[in-house]
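Undergrad: Pasting a predicted model and its sequence here:
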Amino acid sequence: MRPAPADHGIVFRRVDLPGRPAIPARWDHVIVAPLNTRIETADGISVSTIEHLMAALAGCGIHNALVDVDGPEVPILDGSSAAFVSGILRTGLHRLDAPLRVIELLAPVSVRVGDATARLDPAEDLRISFQIDFEDAAIGRQYKTLNLANGAFGRELCDCRTFCRASDVTAMREKGLALGGTYDNAVVVDGDAILTPGGLRRTDEAVRHKMLDALGDLYTAGAPILGAYTGVRAGHAVTNALLRALFARPDAWAWKTCDAATAARLPGVGLTLADLPAVA
């Protein structure tokens with residue numbers, strides 16, 4: 001990850017390909033994928049699984065960055081954002097002498113895809129509420145809501161890992177997917193059993209990870225959002241559909257230049273290494 005100038009946004013660069021093609025991490029470059037968020041150029045060059053890194057960038061308050069990737073997928077690491085956040089904070093941030101613009105919600109926007117819904121409502125800061133409901137007793141029904149101000153992402157969400165059911169792993173591998181997946185980079189459950197050694201980091205780690213994903217996917221808006229996100233069984237495709245619905249309605253949002261009070265409520269402000277869980 002490299003510093004970038006004001007109004008650059010988050011851009012990924014495939015340094016393994018001729019010409020080092022760049023791909024903006026923006027909602028209109030997102031290709032719907034079943035298991036992750038993938039961005040792609042018009043000629044088919046892509047980077048997959050950007051959501052955990054995007055969440056780390058959003059949660060650390062980084063608004064401009066150039067991310068060099070030497071392959072088609074961002075490393076999964078332990079299935080969370082913890083290592084990204086730790087690396088960012090240990091390296092430090094470069095502050096730009098330029099005004100910061102955010103996206104302000106002016107009216108509610110919602111989408112439904114099957115039994116999943118996602119909604120954005122006007123708010124003075126970024127808040128995420130999420131509900132999941134799985135048959136596996138190890139996950140079950142979970143609900144959580146957080147205000148992402150004051151470094152909450154680092155303290156509450158960044159160490160929460162992606163999860164899947166043992167039956168999903170078998171199905172994915174039969175399709176040639178997740179071939180590098182191990183117990184080291186995901187929480188695997190089977191009924192009421194946690195198969196991953198060491199168990200859960202938090203009793204509600206699953207819903208917290210879904211909130212982490214939502215933060216990363218929302219950051220493909222191109223700037224921080226001032227709004228309250230509510231997801232019910234929502235995944236990457238649903239959150240992208242929500243952003244597409246938002247930007248299709250010019251009456252529902254506006255650019256806002258941050259004053260000091262607004263900037264102080266953005267994710268990442270005040271976050272330090274001391275805030276991070278031990279795993280980071």
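TA: Here it is on my side, so go on. Numbers count the residues shown, from 1 in each chain.
Undergrad: which residues of the stretch 51-200 of the chain score low on pLDDT?
TA: 169-183 (pLDDT under 70).
Undergrad: ok, 90 please
TA: Within the stretch 51-200 of the chain, the ranges that satisfy pLDDT under 90 run 135-138, 150-151, 163-186, 188, 190-192, 197.
Undergrad: those helices in it, which residues are they?
TA: Ranges of helices within the stretch 51-200 of the chain are 51-59, 82-91, 152, 166-174, based on DSSP state H, counting those that start in this stretch.
Undergrad: Among these, show me which one is buried the most.
TA: Stretch with highest mean neighbour count among the helices of the stretch 51-200 of the chain: helix 51-59 (a mean of 28; mean count of other CB atoms under 10 Å). In short, each C-beta sits where N, CA and C put it, glycine included.
Undergrad: Could I have the CA atoms of that helix written out in PDB?
TA: Taking Å, rounded to 0.1, in the frame of the first residue of the first chain, the C-alpha atoms of helix 51-59 are listed here in PDB:
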ATOM      1  CA  GLU A  51     -13.300  -6.400   1.000                       C
ATOM      2  CA  HIS A  52     -11.100  -7.100   4.000                       C
ATOM      3  CA  LEU A  53      -8.400  -4.700   2.900                       C
ATOM      4  CA  MET A  54     -11.100  -2.100   2.000                       C
ATOM      5  CA  ALA A  55     -12.500  -2.400   5.500                       C
ATOM      6  CA  ALA A  56      -9.100  -1.900   7.000                       C
ATOM      7  CA  LEU A  57      -8.600   1.300   4.900                       C
ATOM      8  CA  ALA A  58     -12.000   2.600   5.800                       C
ATOM      9  CA  GLY A  59     -11.600   1.700   9.500                       C
END
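Undergrad: That helix - contacts with which helices or strands?
TA: helix 82-91, helix 205-218 (3 or more CB pairs under 8 Å, 6 or more residues apart in numbering; DSSP states H and E).
Undergrad: which residues touch it?
TA: 1, 10, 25, 36-37, 65, 67, 74, 76-77, 79-81, 84-85, 88, 148, 153-154, 157-158, 162, 212-213, 215-220, 224, 236, 267-268, 271 (CB atoms under 8 Å, 6 or more residues apart in numbering).
Undergrad: for stretch 253-266, what is the average pLDDT?
TA: Mean pLDDT, stretch 253-266: 94.
Undergrad: Distance from it to the middle of the chain?
TA: 20 Å (CA atoms, centre = their mean, to the nearest Å).
Undergrad: Pull out the buried positions in it.
TA: Using 16 or more other CB atoms under 10 Å as the burial criterion, the residues of stretch 253-266 that qualify are W253, K256, C258, T262, R265, L266.
Undergrad: Go ahead and confirm the fifth one touches A123.
TA: No - under the criterion of CB atoms under 8 Å, R265 makes no contact with A123, lying 9.8 Å away.
Undergrad: Wait, D192 touches A138, no?
TA: Yes - using CB under 8 Å, D192 is in contact with A138, at 5.3 Å.
Undergrad: A228: what's it in contact with?
TA: By CB under 8 Å, 6+ apart, the contact list for A228 reads L105, L120, D121, P122, A123, L126, R127, I128, S129.
Undergrad: follow-up on the earlier one: output the helices of the stretch 51-200 of the chain as a markdown table; include the columns distance to Q142.
TA: Formatted as a markdown table, the helices of the stretch 51-200 of the chain follow (distance: least, CB to CB, whole Å):
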| stretch | distance to Q142 |
| --- | --- |
| helix 51-59 | 18 |
| helix 82-91 | 20 |
| helix 152 | 18 |
| helix 166-174 | 18 |
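Undergrad: between those helices, which gets nearest to V109?
TA: helix 51-59 (19.1 Å; CB to CB).
Undergrad: starting at the chain centroid, how far to that closest one?
TA: A distance of 5 Å separates the C-alpha centroid of helix 51-59 from that of its chain, computed with CA atoms, centre = their mean.
Undergrad: can you state the direction angle for that helix and helix 205-218?
TA: 70 degrees (axes from the mean of the first three to the mean of the last three CA atoms, to 10 degrees).
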